[in-house]
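1. Let me see the structure of the following:
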Amino acid sequence: MTATTQELARFLETNEGTVPEPVRDDLPRRRAVVERGRLRRWRRWTGERGACVVQNGATVAASHNVATIFRNGRVRAIDVAGALGVAPEQVVKMLVRNIGEQLAEGDLLAEQRLFFGQRRRRIVSPATGTFIYFSTTSGVAYVAGSATETQVYAHVGGQVVGVFADSVLVEGNAVSISGVAGAGRAVAGRLIVASTPTQIPMDLTGSIVACSFPLDETTARQLPTRGALGVLSSGIVPGAVSRLGWDDVLWPLTRPRFGSPSYDPAPPLTIVLLAVGEDACPAQIWERVASLNGRPVSLLGYEPGSAPELLATLDGPSGGMPPPVTVGGISTARVRNGPGAGRVVRVTGVLPYLVQLPSEVEVFAASIEIDGIGSRPVVASRHLQSLISEP
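-> Got it, this is the predicted structure:
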């Protein structure tokens, strides 16, 4: 089912049906938020076959690879018997490749000779991969595409403070600008800010483009052809999302549960929106984006367990000793109610959306660190009692 802003609003207003994660997918009410300080980011490959490539305590830049995900290639079925018009058991003598043999796209897989070899019918491999199996019962051959490797970037420059079986925790001094919707894995490059489509350079190789104007269909199609890795936009032209086929990518009604791999269709580039439709994002948010023009940044659209954001590391890879994240001037707080009640915790971030309590009251919330190893439960901001106020 294709999710639209109108459908989401109708679900919320009339309570028709059940919307998974109703608050997180409540796009019309979400807002961009700026965080600055010692930020921690989980880099996860839960549910995927991956391997960590860094050690605890290592210093990394945002563009450094911290893990590699290995994915098996797509298996394609070729109905050889049906294509040649013969019985399945007759196909065996027509195969010209052996099980386990490597194939390139277009390589001959089977051949039928007619009229003493004067006519030939040929079946070729539809993709590069390995000939893994042939069924004498159905006459179907199977070719597995080549395995792929995907890099998991640090996303924030700093220090690796935790290495686990399926995740890495990185901490560094950075500024984060969260979006209301996004798609695509984390990418790193130099930020190019443009006020109009004509200001976007022709050569965008390895760059991330920030558009102060609502993203239109033409610009969205041109960016990947010019070499852009990602785009951050203040909004998007109505109708462009559907024409680009991004409905299910940017705001699906369902998301994979935390701890499960994402099977959302891959966009041509990583996308983060600061507002829904043509609604302008707050001026102070865009001023912060513009101040990062020309700097190395990282853009994350969507990964399980991570929200869309633009992130820029401050003061080099390690970040030195930056000020802590604050929420209303609070960096260290006592939890009055909720997870960790009565304990002194460190505030690690603010959420860019309202959280609905069991009483159905919506409140602003913050993530906190209780145990010192990266556990980040969420509590209502009003339940945090200030211990240290920042000047």
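
2. contacts, neighbours, all on C-alpha from now
-> Will do.

3. residues contacting Ile200?
-> Contacts here follow Cα atoms under 8 Å, 6 or more residues apart in numbering; on that basis Ile200 touches 192-194, 209.

4. Check Arg185 too.
-> Residues near Arg185 by Cα under 8 Å, 6+ apart: 270, 300-303.

5. which one of the residues you listed sits closest to Arg40?
-> Leu300 (14.3 Å; Cα to Cα).

6. Looks like Arg346 contacts Ala333 (just checking).
-> Yes. In this structure, Arg346 is within contact of Ala333 by Cα atoms under 8 Å, at 6.4 Å.

7. Find residues that contact each of the two.
-> What both Arg346 and Ala333 touch, as defined by Cα under 8 Å, 6+ apart, is an empty set.

8. so which strand or helix has Gly227?
-> Assigned by DSSP states H and E, Gly227 belongs to no helix or strand.

9. Give the burial count for Ala283, as a bare number.
-> 9 (other Cα atoms under 10 Å).

10. now do Ala110
-> Residues near Ala110, counting by other Cα under 10 Å: 21.

11. quick thing: my sequence starts at 18, can you match it?
-> Got it, the first residue is 18 from now on, which makes the last one we talked about Ala127.

12. Let me know the distance separating it from Val103.
-> 12 Å (Cα to Cα, to the nearest Å).

13. Same question for Val71.
-> Distance from Val71 to Val103, by Cα to Cα: 54 Å.

14. Check whether Glu326 really touches Ser195, as I assumed.
-> Yes. Contact criterion Cα under 8 Å: Glu326 and Ser195 qualify, at 4.0 Å.

15. May I have the predicted confidence score for Val362?
-> As predicted, Val362 sits at a pLDDT of 76.

16. Can you tell me the SS state at it?
-> Assigned with DSSP: H, G, I helix; E, B strand; the rest coil, Val362 falls in the strand class.

17. surely it meets Arg351?
-> Yes. Between Val362 and Arg351 there is a contact at 6.1 Å, judged by Cα under 8 Å.

18. Let me see the contact set for Val226.
-> 208-211, 217, 245, 247-249.

19. typo on my end, it should be Val70
-> Per Cα under 8 Å, 6+ apart, neighbours of Val70: 82-85.

20. which one of those sits closest to Phe148?
-> With Cα to Cα as the yardstick, the closest approach to Phe148 among the contacts of Val70 comes from Thr85, at 25.7 Å.

21. Grab the nearest non-local neighbour of the residue positioned nearest the centre of the chain.
-> Closest to where the C-alpha atoms of the chain average out (Cα atoms, centre = their mean) is Tyr319, at 2.8 Å. Distance criterion Cα to Cα, 6 or more residues apart in numbering; nearest residue to Tyr319, sequence neighbours excluded, is Ala200 at 4.7 Å.

22. same check, this time on Arg363
-> Nearest residue to Arg363, sequence neighbours excluded (Cα to Cα, 6+ apart): Thr349, at 4.8 Å.

23. How much space separates that neighbour from Arg57?
-> 16 Å.

24. Verify the stated contact: Ala164 with Asn89.
-> Yes. Using Cα under 8 Å, Ala164 is in contact with Asn89, at 4.5 Å.

25. ok so, going back, name the member of the contacts of Ile217 with the most neighbours.
-> Among the contacts of Ile217, Val226 has the most neighbours (other Cα under 10 Å), with 25 neighbours.

26. First-to-last residue distance for stretch 136-151?
-> 25 Å.

27. what's the burial count for the closest residue in space to Ala78 that isn't next to it in sequence?
-> Of all residues not flanking Ala78 in the chain, Gly174 sits nearest, at 4.0 Å (Cα to Cα, 6+ apart). Using other Cα under 10 Å, the number of residues around Gly174 comes to 32.

28. tell me which element the residue lying closest to Leu316 once chain neighbours are set aside is part of?
-> Leaving out its chain neighbours, the residue that sits closest to Leu316 by Cα to Cα, 6+ apart is Leu327, at 4.6 Å. Secondary structure from DSSP H and E places Leu327 in strand 326-330.

29. Please apply the same query to Thr147.
-> Going by DSSP H and E, Thr147 is in strand 146-151.

30. Just say helix, strand or coil for Ile302.
-> Going by three-state DSSP: Ile302 is helix.

31. My read is that it contacts Val50, right?
-> Yes. The criterion here is Cα under 8 Å, and Ile302 meets it with Val50 at 7.4 Å.

32. Now the common contact residues for those two.
-> With Cα under 8 Å, 6+ apart, Ile302 and Val50 have common neighbours Ile194.

33. Domain-wise, how is this structure divided?
-> As given by automatic domain parsing, the domain ranges for the chain are 22-88+167-330, 92-163, 347-406.

34. most packed of the ones you listed?
-> domain 22-88+167-330 (a mean of 19; mean count of other Cα atoms under 10 Å).
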